[in-house]
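Peer 1: Provided below for reference: sequence and predicted model.
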Amino acid sequence: MINVFEEYSADKKILILGFGREGRSTYKYLRKLYPNRKLYVMDSNSINDELDNTEILCDDKYMCNLSEFDIVMKSPGIVLTEEQLSQINVLESQTSLFLKKLRKQIIGITGTKGKSTTTSLIYHLLHSEDENTFIVGNIGIPCFDVLGEINSDSKIVFELSCHQLEFTKVSPSVSILLNFYEEHLDHYGTYENYKNAKRHIYEYQDEADVLYHNVDIADIKSKSRKITIGLENNSADYYVLGRTIYADDEVFEVTTNDTQLLGNHNVYNIAVAYAVCQHYGMSHSTFMNHLKDFKPLQHRLEYVGTKNNIRYYDDSISTACETAISALESIEKVDTILLGGMDRGIDYSSLLAYLSKNYCNNIIFSYDSGKRMYDELKAIVSNDYMNNVYLCEDLKDAVNLAKRITRAEYACVLSPASASYGYFKNFEERGDYFKKYVNED
């Protein structure tokens with residue numbers, strides 16, 4: 001098993017900060033690496049797991065005495081204040097240690113939207129040709145979980161969130177920056193701080209590395225070779241116009257027979273994957289053959305089913321204005337959209353302006369951000385427009401209302417443009433509840 005802690009002496013006192021999916025993965029790895037070593041686990045919630053030779057620090061001990069530990073292994077969801085950071089001797093994470101050890105083998109992907117689809121697609125394409133390819137990261141697989149399987153020839157496709165990148169000072173050898181949109185402002189305070197966290201995916205690259213980035217992102221400062229991807233922008237090395245991809249050696253249309261991915265915005269993600277696969281020597285015909293086999297991820301423009309002649313789609317992954325707009329443009333004959341969730345303070349004006357000018361018969365808002373969007377929309381449209389705009393308490397009420405008001409032969413889509421936290425554990429749980437409510441009589 002690969003030892004990512006070998007730069008540190010064996011007597012270091014290690015704290016695992018946060019005991020969710022990644023924290024538990026870190027514990028299992030460290031326990032295999034150091035069977036007899038005392039470990040420390042800290043979480044804001046009580047921990048009932050039976051952990052051998054481990055001191056558990058919760059409740060009133062949470063975030064106390066951080067300076068006592070040589071290394072703090074932070075989970076991505078943990079927010080640290082400046083005062084807390086000043087107490088930490090060495091701050092590490094699964095991402096930082098994994099990148100230090102294996103960066104040359106890593107294809108890292110980040111962006112506000114599309115990163116899970118693009119990560120999964122690149123993995124599917126490369127793994128179809130080489131089984132020694134792995135997928136890890138924000139997609140739901142802690143990177144430490146594959147340390148016992150990979151070797152020096154493995155390719156590792158790594159979805160990286162802003163939280164994973166925030167304190168990382170190493171960049172993957174192959175990096176992909178898809179886009180920037182306002183997100184996580186509750187954590188970062190400003191849009192610029194959020195973008196700066198994501199920029200770590202390329203800021204520490206060198207001349208031998210390669211960066212694929214959206215041509216519309218300005219001020220890219222990296223020593224790496226840069227390849228641009230554009231959506232409706234023909235100044236890029238690879239660009240998409242409609243459903244046509246323009247590449248160095250190919251111009252080709254991606255039809256609905258070529259892919260199960262809905263929407264023209266996904267053709268951009270396909271173009272990114274095409275550019276990366278060309279880097280690894282994949283032919284056009286091989287790419288197209290494997291593209292047909294790729295199945296879209298759950299909760300991303302996912303067709304749930306048809307009930308009482310209404311088509312339902314789960315786009316619970318949507319946490320930004322642009323994703324909700326993409327949903328409306330990707331799904332045929334949308335009659336009802338469900339919006340709202342946790343209010344992170346993002347600017348909803350672009351989505352509300354779009355709704356005010358583009359036809360969607362019914363708009364149902366819920367939760368805190370939904371209430372704000374409802375009030376802001378009401379201020380810019382006529383009273384008649386608001387006849388088909390509704391405010392519900394929660395998702396269940398919204399789905400039940402949608403069942404009553406959505407016209408037969410049309411579609412209802414959940415695309416919240418908001419985070420799920422505070423109401424659901426994550427967007428997956430929100431999507432699962434949406435499906436449950438849809439299928440209830």
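Peer 2: Everything's here; your move.

Peer 1: now stretch 165-177: average pLDDT?
Peer 2: Stretch 165-177 shows a mean pLDDT of 96.

Peer 1: point out where the stretch 201-350 of the chain drops to low pLDDT.
Peer 2: Residues of the stretch 201-350 of the chain meeting the criterion pLDDT under 70: none.

Peer 1: that one: strands as residue ranges?
Peer 2: Under the criterion DSSP state E, counting those that start in this stretch, the stretch 201-350 of the chain contains strands at 210-214, 225-231, 238-241, 244-246, 251-253, 302-307, 310-314, 334-339.

Peer 1: comparing the ones you listed, which comes out most buried?
Peer 2: Among those, ranked by average contacts under mean count of other C-beta atoms under 10 Å, first place goes to strand 334-339 (a mean of 26). Every C-beta, even on glycine, is put in place using the N, C-alpha and C of the backbone.

Peer 1: what does that strand contact?
Peer 2: When contacts are defined by C-beta atoms under 8 Å, 6 or more residues apart in numbering, strand 334-339 is touched by residues 310, 324, 327-328, 351, 360-366, 369-370, 373, 395, 398-399, 402, 405-407, 410-418, 434.

Peer 1: related to what we said a few turns ago, so can I have CSV of the strands of the stretch 201-350 of the chain showing distance to K13?
Peer 2: Shown next, in CSV, are the strands of the stretch 201-350 of the chain (distance: least, C-beta to C-beta, whole Å):
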stretch, distance to K13
strand 210-214, 37
strand 225-231, 42
strand 238-241, 48
strand 244-246, 52
strand 251-253, 56
strand 302-307, 45
strand 310-314, 45
strand 334-339, 47
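
Peer 1: one step back: and the contacts of strand 334-339, which of them are in strands?
Peer 2: By the criterion of DSSP state E, membership of these in strands covers 310, 362-366, 411-414.

Peer 1: wait, which of those is closest to S152?
Peer 2: Nearest to S152 among these: L414, at 43.8 Å, using C-beta to C-beta.

Peer 1: distance of that closest one relative to S120?
Peer 2: Here the criterion is C-beta to C-beta, to the nearest Å. By it, L414 lies 20 Å from S120.

Peer 1: neighbour count for the two, which is higher?
Peer 2: Applying other C-beta atoms under 10 Å to L414 and S120 shows that L414 carries more neighbours, namely 31 against 22.

Peer 1: ok, the more buried one - contacts?
Peer 2: Here L414 is in contact with 313-316, 318, 337-338, 395, 430-431, 434 (C-beta under 8 Å, 6+ apart).

Peer 1: if we use 7 Å, what do you get?
Peer 2: L414 sits next to 314-316, 338, 434 when contact means C-beta atoms under 7 Å, 6 or more residues apart in numbering.

Peer 1: closest one of these to N36?
Peer 2: S316 (43.8 Å).

Peer 1: just checking, the closest one touches K425?
Peer 2: No - in this structure, S316 is not within contact of K425 by C-beta atoms under 7 Å, at 11.9 Å.

Peer 1: between those two, which one's more packed in?
Peer 2: Between S316 and K425, counted using other C-beta under 10 Å, S316 has the larger neighbour count: 27 against 11.

Peer 1: ramachandran coordinates for Y348?
Peer 2: When read as degrees, to the nearest 10, the backbone of Y348 gives phi -100, psi 10.

Peer 1: kindly report the same for A218.
Peer 2: phi -90, psi 170.

Peer 1: ok, V41 next?
Peer 2: Main-chain torsions, V41, degrees, to the nearest 10: phi -130, psi 130.

Peer 1: chain neighbours aside, what residue packs nearest to it?
Peer 2: Once flanking residues are discounted, V41 sits nearest to I16: 4.8 Å by C-beta to C-beta, 6 or more residues apart in numbering.

Peer 1: surely the one you found is in a strand?
Peer 2: Yes - read with DSSP: H, G, I helix; E, B strand; the rest coil, I16 is one of the residues of a strand.

Peer 1: hmm, R24 and it touching each other?
Peer 2: No - with contacts counted by C-beta under 7 Å, I16 stays clear of R24, the gap being 8.7 Å.

Peer 1: out of these two, which sits in the busier spot?
Peer 2: I16 (26 against 18).

Peer 1: how near is the more buried one to M73?
Peer 2: Taking C-beta to C-beta, one finds I16 at 5 Å from M73.

Peer 1: could you name every residue contacting both of those two?
Peer 2: T26.

Peer 1: re the thing from before, of the contacts of strand 334-339, just the buried ones, ChimeraX syntax please.
Peer 2: This is how ChimeraX selects the buried members of the contacts of strand 334-339, with burial counted by 16 or more other C-beta atoms under 10 Å:
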select :310,324,327,328,351,362,363,364,365,366,369,370,373,395,398,399,402,406,410,411,412,413,414,415,416,417,418,434
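
Peer 1: near D130, how many other residues are there?
Peer 2: Neighbours around D130, by other C-beta under 10 Å: 13.

Peer 1: can you tell me the closest non-neighbouring residue to L57?
Peer 2: M42 (4.2 Å).

Peer 1: so what's the residue nearest to V41 up against?
Peer 2: For I16, the contacting residues are 23, 26-27, 39-41, 73, by C-beta under 7 Å, 6+ apart.

Peer 1: gap between the two ends of stretch 313-328?
Peer 2: Length of stretch 313-328, first residue to last, C-alpha to C-alpha, to the nearest Å: 11 Å.

Peer 1: ditto for stretch 338-357
Peer 2: In stretch 338-357, first residue to last residue: 17 Å (C-alpha to C-alpha).

Peer 1: likewise stretch 150-157?
Peer 2: End-to-end distance (C-alpha to C-alpha), stretch 150-157: 12 Å.

Peer 1: need the contact partners of that stretch.
Peer 2: Residues contacting stretch 150-157 (C-beta under 7 Å, 6+ apart): 102, 105-107, 119, 122-123, 126, 130, 132-136.

Peer 1: of all these, which comes closest to I78?
Peer 2: Set against I78, the nearest of those by C-beta to C-beta is V136 (19.3 Å).

Peer 1: return stretch 283-300 as PDB; C-alpha atoms alone will do.
Peer 2: Taking C-alpha atoms only, stretch 283-300 is exported to PDB below (Å, rounded to 0.1, in the frame of the first residue of the first chain):
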ATOM      1  CA  SER A 283      -8.900   8.000 -31.800                       C
ATOM      2  CA  HIS A 284     -12.100   9.700 -32.900                       C
ATOM      3  CA  SER A 285     -13.900   6.500 -33.700                       C
ATOM      4  CA  THR A 286     -13.000   4.900 -30.400                       C
ATOM      5  CA  PHE A 287     -14.200   8.000 -28.500                       C
ATOM      6  CA  MET A 288     -17.600   8.000 -30.300                       C
ATOM      7  CA  ASN A 289     -18.100   4.300 -29.700                       C
ATOM      8  CA  HIS A 290     -17.500   4.600 -25.900                       C
ATOM      9  CA  LEU A 291     -19.500   7.900 -25.700                       C
ATOM     10  CA  LYS A 292     -22.600   6.000 -26.700                       C
ATOM     11  CA  ASP A 293     -22.300   3.700 -23.700                       C
ATOM     12  CA  PHE A 294     -22.000   6.500 -21.100                       C
ATOM     13  CA  LYS A 295     -25.000   6.700 -18.800                       C
ATOM     14  CA  PRO A 296     -25.800  10.100 -17.200                       C
ATOM     15  CA  LEU A 297     -25.300  10.400 -13.500                       C
ATOM     16  CA  GLN A 298     -28.300  10.400 -11.100                       C
ATOM     17  CA  HIS A 299     -29.800  13.800 -10.200                       C
ATOM     18  CA  ARG A 300     -28.400  15.500 -13.300                       C
END
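
Peer 1: fine by me, thanks again.
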